[in-house]
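A.B. asks: Sequence plus the predicted model coming up.
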Amino acid sequence: MTLKRLFWLALYFLMPILPIALIRQSPVGQAQDPLYILSVVTGACAFVWLVNQLIISARPKFIEKHFGMDRLYRFHAWMAVISLGLVIVHRQTKLAWIGFAPSTAQIAAILFILAVLFALIFLADTALRKLTFIRAIINFSNQKLGVSFNRAVLFHNITVIASLVMALHVLATGAAGTYPPVRIFYLGYFSLGAGFYVYHKLIKPWRLNRLIYQVESVTEELPNIRTIKLTPPSEREILTYQPGQFAFITPLGGEVAREEHPFTISSSPVNPSGITFTIKELGDFTARLGKLQTGSPFRVDAPYGYFSYTNYPSDRSLVFIAGGIGITPILSMLRTLRESTSQRQVVFLWAVNQASELFCQDELKTMMAQMPSFTWHPIVAFDDTWDGESGFVDKDKIQRLVLNPRADQQALDYYICGPPVMMKLVIGHLKDLGVPADCIRSERFSL
């Protein structure tokens, strides 16, 4: 782990020490009762970490660039559950110590419970979704109530209301009322979180709307896969990004719903004339992208993500393993390696269900001709007409196609992107083969 990652994690987890110390210095904070001390510690941690949720949800690039958005969002989800647990413990210790809990605390707790449950059901790919009645709730909400992902995100903003109620609660405590430093901390830290939220929801979109991208072309790779090329208003506004990163894009024309969605950038940042996104139809929004016209306006918020070989300076050979449309960040990295005339050894395993899904075969074959150090192995799972590698990416294929041809089997870095089940299996195979965990990089599609 890098020093900058350690710094941000330490800052995140140690910040509650400040309000705890201030409360203990206040005239009403001297009690030594264990229940009181527990209520102070759990309350301070819950307050700070729930305000931090507002900061993380604003996608601050100065933090995200050290972790990657997928890791940051998973951390965001886990800390929401942990913080909610602290809220409940804080309330129960208050009840046990003084016999009652303020109404504002109860309202905030109820709102946080609703927000967390809603997120676990509708926004995060959790074990809850495997339950039959939860799937029934999701299907009913999607089909009958029209609860799309973006509407679910909008409802999730109830956490802002809960945070406001929580702030009112802590400001009404005895420590805040009798000791100004406590009150200043509560007001200042909540204002910080609220400021990030306001910037993300209002100011940032306004700034991005001053730099509108336009559709230059829509190329059909397959009937259900299209590559959309967006160009900025001028050459001086060309996006700077690393191969493998992604963007949040929002169509502003009338052909497609005005919703923000994340998509991987499939083009190379080397000598760019624009940015491309290779997108598979996986829902109503992506299905409507085929209706885009040349010149259609888009808002682009980018770049995000840590899934790039450029973040790990090394001369080690590269192994890319993709499943289905998970090829998009790999394509960006391969195109960059080709255009930068890199001599690094590269092996690419691309697993698909049908041979017809190999939409960029010609380009990959051309890459092999142009890059003597590049080898591509397509793997098709369910196609009797396919005469190449078949089945799944298992230990045998990794051993035979990647490891055996190389004298130094340890000098390899692995980059994996695809459906969660496929990634879990492949990472398990690599670990079974003795590949060190710090040589395996991955990016997940969902939380």
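C.D. replies: Cool, got the structure.

A.B. asks: how about low-confidence regions in the protein?
C.D. replies: 1, 101, 120, 122-131, 133-134, 137-138, 140-156, 406-410, 445-447 (pLDDT under 70).

A.B. asks: Outline the domain layout of it.
C.D. replies: 3-208, 213-304, 309-443 (automatic domain parsing).

A.B. asks: Adding mean neighbour count as columns, could you present these in JSON lines?
C.D. replies: Heads up, the C-betas are built off the backbone N, CA and C, glycines and all. What follows is those, written out as JSON lines (neighbours: other Cβ atoms under 10 Å):
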{"stretch": "domain 3-208", "mean neighbour count": "17"}
{"stretch": "domain 213-304", "mean neighbour count": "17"}
{"stretch": "domain 309-443", "mean neighbour count": "17"}
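
A.B. asks: Am I right that Arg441 sits in a helix?
C.D. replies: No. Judged by DSSP: H, G, I helix; E, B strand; the rest coil, Arg441 forms no part of a helix; its state is strand.

A.B. asks: Mind telling me what element the closest residue to it other than its chain neighbours is part of?
C.D. replies: Of all residues not flanking Arg441 in the chain, Tyr415 sits nearest, at 5.0 Å (Cβ to Cβ, 6 or more residues apart in numbering). Mapping Tyr415 onto the secondary structure by DSSP states H and E places it in strand 412-417.

A.B. asks: And the helix or strand just after that strand, what does it pack against?
C.D. replies: The helix or strand immediately downstream of strand 412-417 is helix 420-432, counting by DSSP H and E. Counting contacts by 3 or more Cβ pairs under 8 Å, 6 or more residues apart in numbering; DSSP states H and E, helix 420-432 packs against strand 317-323, strand 412-417, strand 440-443.

A.B. asks: Recalculate using a threshold of 6 Å.
C.D. replies: Contacts defined by 3 or more Cβ pairs under 6 Å, 6 or more residues apart in numbering; DSSP states H and E place helix 420-432 against strand 440-443.

A.B. asks: Please report the distance of Phe190 from Val182.
C.D. replies: Remark: distance between Phe190 and Val182 (Cβ to Cβ, to the nearest Å) = 13 Å.

A.B. asks: distance between the ends of stretch 397-413?
C.D. replies: 17 Å (Cα to Cα, to the nearest Å).

A.B. asks: Just the residues contacting it, thanks.
C.D. replies: Arg316, Ser317, Leu318, Val319, Val347, His377, His429, Cys439 (Cβ atoms under 6 Å, 6 or more residues apart in numbering).

A.B. asks: ok, 10 Å please
C.D. replies: Contact partners of stretch 397-413, identified using Cβ atoms under 10 Å, 6 or more residues apart in numbering, comprise 309, 312, 314-321, 344-345, 347-349, 351, 375, 377, 379, 389-391, 393-395, 414, 426, 429-430, 432-436, 438-441.

A.B. asks: Show me where the stretch 301-447 of the chain has its helices.
C.D. replies: 327-339, 361-370, 395-397, 420-432 (DSSP state H, counting those that start in this stretch).

A.B. asks: Put together TSV for those, with distance to Ser57 on each row.
C.D. replies: Converted to TSV, the helices of the stretch 301-447 of the chain look like this (distance: least, Cβ to Cβ, whole Å):
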stretch	distance to Ser57
helix 327-339	23
helix 361-370	37
helix 395-397	39
helix 420-432	22
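
A.B. asks: Put the alpha carbons of stretch 179-195 into CSV.
C.D. replies: C-alpha atoms of stretch 179-195 as CSV (Å, rounded to 0.1, in the frame of the first residue of the first chain):
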residue,chain,number,x,y,z
TYR,A,179,-18.0,24.2,25.2
PRO,A,180,-17.5,26.3,22.0
PRO,A,181,-14.7,24.1,20.5
VAL,A,182,-17.1,21.2,20.4
ARG,A,183,-19.7,23.3,18.7
ILE,A,184,-17.2,24.7,16.2
PHE,A,185,-16.0,21.2,15.3
TYR,A,186,-19.5,19.9,14.7
LEU,A,187,-20.5,22.9,12.6
GLY,A,188,-17.2,23.0,10.7
TYR,A,189,-17.1,19.3,9.9
PHE,A,190,-20.7,19.1,8.9
SER,A,191,-20.3,22.2,6.7
LEU,A,192,-17.3,20.5,5.1
GLY,A,193,-19.4,17.4,4.2
ALA,A,194,-22.3,19.5,3.1
GLY,A,195,-20.0,21.6,1.0
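
A.B. asks: Off-centre distance for it?
C.D. replies: Remark: stretch 179-195 is offset 28 Å from the chain centroid, using Cα atoms, centre = their mean, to the nearest Å.

A.B. asks: now stretch 185-197
C.D. replies: That offset, for stretch 185-197, works out to 23 Å (Cα atoms, centre = their mean).

A.B. asks: Which SSE is immediately downstream of the helix ranked longest in the chain?
C.D. replies: Counting residues, the longest helix in the chain under DSSP state H turns out to be helix 69-98. Counting by DSSP H and E, the next helix or strand C-terminal to helix 69-98 is helix 103-122.

A.B. asks: Mind giving me the packing neighbours of that following helix?
C.D. replies: Judged by 3 or more Cβ pairs under 10 Å, 6 or more residues apart in numbering; DSSP states H and E, helix 103-122 is in contact with helix 34-57, helix 69-98, helix 132-143, helix 149-156, helix 158-171.

A.B. asks: and Cys360, which of the ones you listed is closest to it?
C.D. replies: For Cys360, the closest of the helices and strands packed on helix 103-122 is helix 69-98, at 23.9 Å, according to Cβ to Cβ.

A.B. asks: Let me know the angle separating that closest one from helix 34-57.
C.D. replies: Angle between the axes of helix 69-98 and helix 34-57 is 150 degrees (criterion: axes from the mean of the first three to the mean of the last three Cα atoms, to 10 degrees).

A.B. asks: Send over stretch 281-292 as CSV, restricted to the C-alpha atoms.
C.D. replies: Provided in CSV are the C-alpha atoms of stretch 281-292 (Å, rounded to 0.1, in the frame of the first residue of the first chain):
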residue,chain,number,x,y,z
GLU,A,281,-26.7,-3.0,-24.4
LEU,A,282,-27.5,-4.1,-20.8
GLY,A,283,-30.6,-2.1,-20.1
ASP,A,284,-33.0,0.6,-21.4
PHE,A,285,-30.4,3.4,-21.2
THR,A,286,-27.7,1.6,-23.2
ALA,A,287,-30.3,0.2,-25.7
ARG,A,288,-31.2,3.8,-26.6
LEU,A,289,-27.7,4.9,-27.3
GLY,A,290,-28.1,3.7,-30.9
LYS,A,291,-30.5,6.6,-31.5
LEU,A,292,-27.8,9.2,-30.9
